[in-house]
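[1] My questions concern the predicted model and sequence given below.
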Amino acid sequence: MIKLVVFDLDNVIIDGEAIDEIGKLANVEDDIAEITEKAMQGEIDFETSIKDRVQLLEGTSIEDIEKVADDLPLMPGACKTIKCLKDKGVDVAIISGSFDVVADKVTDKLGVDTVYTNSFTVEDGKLTGEVTGPLVSGSKLDVLKDHVEEAGITLDEVVAVGDGANDISMIESAGCGIAFNAKDSVKEIADIVVEEKDLCKVLCEIIDQLTTDDAEEETVEEVEAQEAEDVAEEEVQDAEAVEDEAETEEAAEEEEAEEAEVEEAAEEDEAEDAAEEAEEEKPEFVLADTIEGVRKQKDEKEAEIAKVAEEREEFNKTAREQRKIRDELNASLKENLNKAIEYRNERNEINKEVEAAKKARNDANNKIKSLEWNSGKRNKVKIENEIKKIDKIIETRVLDIKKENQLVKNANDLRKQLMEIHEDESVKAEADELRKKSEEEHEKVIELSEKAQAAHEEMLKYFRKTDDIRTAADEAHKNFIEARRNASAKHEEFKEILSDIHVINKKLGSNKPKRRKSDNKGSSGSNKNREEKQRAQEIFEKFKQGGKVSTEEILLLQKYNIG
């Protein structure tokens, strides 16, 4: 069972070598780095290396060193790893040949309670070039042994994480030694090697060890339910986030659509007036050379604008339909999401009952075990095992008669002792009651687990349905936007044609064209009037040349005020 994880500081908890960074203050970083590397490779002993490096720092301001310590980056994953270990009840310590001025800054950030480091000797705010501490001449293993003895644990219950030669003693002696981005000499003796500069990889290895140590006999259904719960929880969080985002986006789209409709209506109302201004900005429409040609152009433009108006209305109709579909789907999405969350909450409540039943079952089992051992069962089991061992020796080995007789006698004596052991009847009765209680609670665990699984499956069903609805809603929204865009394009085309009609009307003497509709009735009426007027002109020409004119023809001349 892991009870303590001990880390080196430099290049493990912090991403860098503190003394190398401090060396930059005194412009001796290259000299210090060279000594550091030799020490890490095991080419010189740590005591010599630390004293030589600190000597090079003589006269450096402790205040400047504190600033450097503040800026030293933590190793990726450091915060998460320390927090997770502490949450699981595992003690965390740092044992480093580095310095307290650095370690203090780091431990404040991470919340590590136990730290063993060295200290600079300081006079008048400057380093004297000397160093003191438990890790100057002592090894990390010496410090670790003192710590575990005081904590009342063993080295087998320790995980040690380091990267350099001075970490070898504790990595080799700990129950589990982890080489983290380490030198080859450390990798050779470590139980686990982690090459990535991410302490979460170390955490995973430790969690695996914890899981192995703490493994309980769980049913396959319980394991699957737990895994499904984790997945579902992520889906709930994602779905709730998407719901919030969808509501915000939907509100913005509706507001945008309303504004677009108002704007489009206003544009249509003002389109005729805007046509005059448009004429000044765009190339003037080229009119035909004759009045008859201009009239023909007008007929063509009116037919064209009627067609564009129809197409624009079709796109607007499609946009309205797609928006309605999208809004209905979004409402259904929210309903399904709420249903999924209801099932999630129901499942969570049932799981609380499952945990309570498990606890009651396990408490009963622990009491049974305690009662049985205390009532003499421990001695009984021990004697039975001794008898089995002797019987196996007699059966499987070739022994001289004297030795065999002695073993037979020993086995018979043990059997006599076994017969004299009697379990306390009252204890036995209590154990039977507890066993019954354990079985009842286990039945509850199974029954409730099935209910929780059913609620979980319903939750997943609604989440999947929500995903399908969201996909359809997205498609409807896409169609809505496309139809709106096409309608806007047609509206621009409508305004262009209307501008041309305005130019034509000016030529024909009608400055205010009538509003065109989506059919061709207006165009037909206009054609009829022009035909009558042309016929009236022809009658007048006939009259001037002396031709006879009928009453109907005279009325037609009067209608158009000709002659």
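    Nice, I can see it. Since the model is a prediction, treat every value here as computed from it, not as a measurement.
[2] Break down the protein into its strands, ranges please.
    With DSSP state E as the criterion, the chain has strands at 4-7, 91-99, 114-123, 126-132, 158-162, 176-180, 192-194.
[3] Can you list the buried residues in stretch 74-82?
    Across stretch 74-82, burial judged by 16 or more other CB atoms under 10 Å covers 74, 75, 77, 78, 81, 82. C-betas here are computed from N, CA, C, even on glycine.
[4] what about residue 187, how many residues close to it?
    Using other CB atoms under 10 Å, residue 187 is surrounded by 17 other residues.
[5] Can you name the residues that contact it?
    Residue 187 makes contact with 179, 193 under the criterion CB atoms under 8 Å, 6 or more residues apart in numbering.
[6] Deepest in the core, which of the strands of the chain is it.
    strand 158-162 (a mean of 28; mean count of other CB atoms under 10 Å).
[7] starting at the chain centroid, how far to that strand?
    Between the centre of strand 158-162 and the centre of its chain there are 30 Å (CA atoms, centre = their mean, to the nearest Å).
[8] same thing with stretch 354-366?
    Worked out by CA atoms, centre = their mean, stretch 354-366 lies 34 Å from the chain centre.
[9] do the same with stretch 121-135
    Mean C-alpha position of stretch 121-135 versus that of the full chain (CA atoms, centre = their mean) differs by 47 Å.
[10] go on, stretch 158-178?
    34 Å.
[11] start to end distance for it?
    11 Å (CA to CA, to the nearest Å).
[12] give me the number of residues near residue 2?
    By other CB under 10 Å, 24 other residues sit near residue 2.
[13] Same question for residue 113.
    11.
[14] Run through the neighbouring helices and strands of the lengthiest helix in the chain.
    In the chain, with assignment by DSSP state H, the single longest helix is helix 425-508. If you count contacts as 3 or more CB pairs under 8 Å, 6 or more residues apart in numbering; DSSP states H and E, helix 425-508 packs onto helix 220-281, helix 291-372.
[15] where are the low-confidence patches of this structure?
    The model of the chain has pLDDT under 70 over residues 211-283, 369, 371-378, 420-426, 510-528, 543-551, 554-555, 557-559, 561, 563.
[16] how many degrees apart are the longest helix of the chain and helix 291-372 in direction?
    170 degrees (axes from the mean of the first three to the mean of the last three CA atoms, to 10 degrees).
[17] what's the offset of helix 425-508 from the middle of its chain?
    18 Å.
[18] quick revisit: now render the strands of the chain as a markdown table, adding distance to residue 323.
    Shown next, in a markdown table, are the strands of the chain (distance: least, CB to CB, whole Å):
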| stretch | distance to residue 323 |
| --- | --- |
| strand 4-7 | 58 |
| strand 91-99 | 57 |
| strand 114-123 | 63 |
| strand 126-132 | 73 |
| strand 158-162 | 59 |
| strand 176-180 | 57 |
| strand 192-194 | 55 |
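[19] Out of those, which is closest to residue 393?
    strand 176-180 (37.0 Å; CB to CB).
[20] what angle do the closest one and strand 158-162 make?
    Strand 176-180 runs at 20 degrees relative to strand 158-162, counting by the same axes, to 10 degrees.
[21] neighbouring contacts of strand 176-180?
    Strand 176-180 is contacted by residues 2, 8, 11-12, 158-163, 170-171, 186-187, 189-194, 199, 202, 205-206, 209 when judged by CB under 8 Å, 6+ apart.
[22] before we move on, back to that, looking at the buried residues of stretch 74-82, which are in helices?
    Residues of the buried residues of stretch 74-82 located in helices (DSSP H): 78, 81, 82.
[23] is it possible to export the residues you listed to CSV including distance to residue 17?
    Below are those laid out as CSV (distance: CB to CB, whole Å):
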residue, distance to residue 17
78, 16
81, 20
82, 20
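[24] Let me know the closest of those to residue 336.
    Proximity of these to residue 336 (CB to CB) peaks at residue 81, which lies at 39.0 Å.
[25] List the residues that contact the closest one.
    Contact analysis of residue 81 by CB under 8 Å, 6+ apart lists 199, 200, 202, 203.
[26] Distance check, the last one against residue 7.
    Computed as CB to CB, to the nearest Å, the residue 203 to residue 7 distance reads 11 Å.
[27] Kindly report the same for the second one.
    Distance, residue 200 to residue 7, using CB to CB: 14 Å.
[28] same thing with the first one?
    When CB to CB is the yardstick, residue 199 and residue 7 sit 8 Å from each other.
[29] list the residues that contact both of those two?
    Counting by CB under 8 Å, 6+ apart, the residues touching both residue 199 and residue 7 are residue 13.
[30] List the contacts of the residue nearest to residue 172 when sequence neighbours are not counted.
    In this structure, residue 172 finds its nearest non-sequential neighbour in residue 189, 5.0 Å apart by CB to CB, 6 or more residues apart in numbering. Residue 189 makes contact with 168, 171, 172, 177, according to CB under 8 Å, 6+ apart.
[31] give me that answer again for 10 Å
    By CB atoms under 10 Å, 6 or more residues apart in numbering, the contact set of residue 189 is 167, 168, 169, 171, 172, 177, 179, 182.
[32] any chance of those residues in CSV, with distance to residue 382 too?
    Below are the contacts of residue 189 laid out as CSV (distance: CB to CB, whole Å):
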residue, distance to residue 382
167, 43
168, 42
169, 39
171, 38
172, 36
177, 36
179, 42
182, 46
